[in-house]
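K.L.:
here is a sequence with its predicted model. Questions after.
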Amino acid sequence: MFSRITRLFTIKTKFEAYLIIYGLAVGATERGVHYMKLYPGTLGLVFFALCPIAVFMAGGRILDSFDVVE
């Protein structure tokens, strides 16, 4: 029963990985906008820039987990 539940949370294709990365990116930009409102000025811009960078790092890690077949 536990293995059937874990299969629901397993990324099986690159398309699923891209959907997850897209969702992370939308959430990160929303959080960045919130930071810009919370911290006006340079600090808000720095926090806004750091949010998508975290998505780039996570997205690269997710995509690297798939085997490259040529």
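P.N.:
Looks like it arrived, so ask away. Residues are numbered from 1 along each chain as shown.
K.L.:
what about the helices in the chain?
P.N.:
Counting by DSSP state H, the chain forms helices over residues 2-8, 14-38, 42-64, given from the N-terminal end onward.
K.L.:
centroid residue for this protein?
P.N.:
When the chain is reduced to its mean C-alpha position, the nearest residue by Cα atoms, centre = their mean turns out to be Leu24, at 3.2 Å.
K.L.:
the closest residue to that one other than its chain neighbours: what's it in contact with?
P.N.:
The shortest distance from Leu24 to any residue that is not its chain neighbour, by Cβ to Cβ, 6 or more residues apart in numbering, is 4.8 Å, and that residue is Val55. In short, each C-beta sits where N, CA and C put it, glycine included. Shown in contact with Val55 (Cβ atoms under 8 Å, 6 or more residues apart in numbering): Ile21, Leu24, Ala25, Ala28.
K.L.:
look up how far Ser3 lies from the last one.
P.N.:
Taking Cβ to Cβ, to the nearest Å as the measure, Ala28 and Ser3 are separated by 32 Å.
K.L.:
do the same with the first one
P.N.:
Counting by Cβ to Cβ, the gap between Ile21 and Ser3 amounts to 26 Å.
K.L.:
more neighbours: which of those two?
P.N.:
Here Ile21 and Ser3 are compared on neighbour count by other Cβ atoms under 10 Å; more neighbours surround Ile21, at 17 against 6.
K.L.:
list the contacts of the more buried one.
P.N.:
By Cβ under 8 Å, 6+ apart, the residues touching Ile21 are Val55, Ala58, Gly59, Ile62, Leu63.
K.L.:
gap between the second one and Val33?
P.N.:
The span separating Ala58 from Val33 equals 19 Å under the rule Cβ to Cβ.
K.L.:
what packs against the helix or strand of the chain with the lowest mean pLDDT?
P.N.:
Of all helical and strand segments in the chain, the minimum by mean pLDDT, DSSP states H and E falls on helix 2-8, at a mean of 81. Helix 2-8 sits against no helix or strand, with contacts defined as 3 or more Cβ pairs under 8 Å, 6 or more residues apart in numbering; DSSP states H and E.
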